[in-house]
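Asks: The following comprises the amino acid sequence and a computationally predicted model.
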Amino acid sequence: MSRVALVTGGTRGIGAAIAIALKGEGYTVASNYAGNDEAAKKFSDDTGIATYKWSVADYDACAEGIAKVEAELGPVEILVNNAGITRDAMFHKITREQWKEVIDTNLSGVFNMTHPVWSGMRDRSFGRIINISSINGQKGQMGQANYSAAKAGDLGLTKSLAQEGAFKGITVNAICPGYIATEMVMAVPEKVRDSIISQIPVGRLGEAEEIARCVVFLASDDAGFVTGSTITANGGQYFI
Ligand code: NDP
């Protein structure tokens, strides 16, 4: 039987590319999403991948949603924590709501999704957790204090869980994408996009499929010795 992979935010953008790539590798894939039913239906119709609606910001909804996925498809052995949002504002203007929404989704969301699958992974002595962080979690970004703090938090969580999971066959890794040509980035005015591209040494935006191929590697049996690592996939824009 093929392994079950659950991708949060797996109906659009990078998450959709991850879900499609994992399906292509023979995994049984479930894609979670928050509220855009139309996009989820189109994604499911186009790919045949099952979609499940709940917010990763809600612990109880995650536990219920994961139980449903496991009842229908089998135990989750690969979890890709990809769901993420931005609520950008300069710090002197940021509201508590903008802070909370981003922390609840981008940081607590990773806890809320990982905690309910962790015991099962320990019991089965196998698991793959792959957290999609961001270049801006590594370097910080003006106007994104909330987002950068959450994404940096994801990297700390990744390294701690890697230590706890290692002797139980669970690997935990992160990917930090740079600017990727998703709808969000392609929607910005061409002039702004050009200025972003001018900061990327390879001279172009990344493709969602390039992040998906990193996930495919980290999910594979070949990556069993790779844990607690961060794959930096940003076209050379920033190194640490
Ligand atoms: P998109 O905005 O294109 O897609 C986001 C996905 O996440 C959608 O499926 C959305 O569901 C889902 N989602 C949002 N909030 C929640 C929630 N509370 N619960 C469950 N699902 C949720 O995002 P991208 O593909 O651009 O980004 C994917 C990840 O990559 C994010 O974590 C982002 O921070 C990170 N990233 C992106 C970069 C980029 O250049 N695009 C660069 C670096 C990192 P719905 O359709 O229902 O809204």
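Replies: That came through fine.
Asks: does residue 78 belong to a helix or a strand, and which?
Replies: strand 76-81 (DSSP states H and E).
Asks: Is that strand in proximity to the ligand?
Replies: No - remark: strand 76-81 sits outside contact range of the ligand, by C-beta under 6 Å from any ligand atom, the gap being at least 7.9 Å. The C-beta positions use only the backbone N, C-alpha and C, and glycine is treated the same way.
Asks: Could you shift the numbering so residue one becomes 58, and keep it that way?
Replies: Renumbered: residue one is now 58, and that last one reads strand 133-138.
Asks: Put the alpha carbons of whichever helix or strand comes after that strand into CSV.
Replies: On the C-terminal side of strand 133-138, the closest following helix or strand by DSSP H and E is helix 153-159. Written as CSV, here are the backbone C-alpha positions of helix 153-159 (Å, rounded to 0.1, in the frame of the first residue of the first chain):
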residue,chain,number,x,y,z
ARG,A,153,-2.7,42.8,17.2
GLU,A,154,-5.0,41.0,14.8
GLN,A,155,-2.5,41.0,12.0
TRP,A,156,0.1,39.7,14.4
LYS,A,157,-2.1,37.0,15.8
GLU,A,158,-3.5,35.7,12.5
VAL,A,159,-0.1,35.2,11.0
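Asks: Can you give the contact residues for helix 153-159?
Replies: Contacts to helix 153-159, defined as C-beta atoms under 8 Å, 6 or more residues apart in numbering, come from residues 114, 142, 143, 144, 146, 202, 203, 204, 207.
Asks: Mind listing what's buried along stretch 219-237?
Replies: Neighbour-count burial for stretch 219-237, with 16 or more other C-beta atoms under 10 Å as criterion, is recorded at 219, 222, 227-237.
Asks: got it, and stretch 67-86?
Replies: 67-80, 84-86.
Asks: and what of stretch 240-260?
Replies: Buried residues in stretch 240-260, defined by neighbour count with 16+ other C-beta under 10 Å: 250, 257.
Asks: Just the endpoints, please. Distance across it?
Replies: End-to-end span of stretch 240-260 (C-alpha to C-alpha, to the nearest Å): 19 Å.
Asks: ok, is that stretch in contact with the ligand or not?
Replies: Yes - using C-beta under 6 Å from any ligand atom, we find that stretch 240-260 touches the ligand at 240, 241, 242.
Asks: now that stretch: how far from the chain's centre is it?
Replies: 22 Å (C-alpha atoms, centre = their mean, to the nearest Å).
Asks: same question, stretch 252-265
Replies: 21 Å.
Asks: do the same with stretch 98-116
Replies: Chain-centre distance of stretch 98-116: 14 Å, with C-alpha atoms, centre = their mean.
Asks: And the contacts of that stretch?
Replies: With contact meaning C-beta under 8 Å, 6+ apart, stretch 98-116 is reached by 65-69, 73, 76-77, 80, 86-92, 94, 97, 118-119, 121-122, 125-126, 129-130, 138, 140, 158, 161-162, 165-170, 172.
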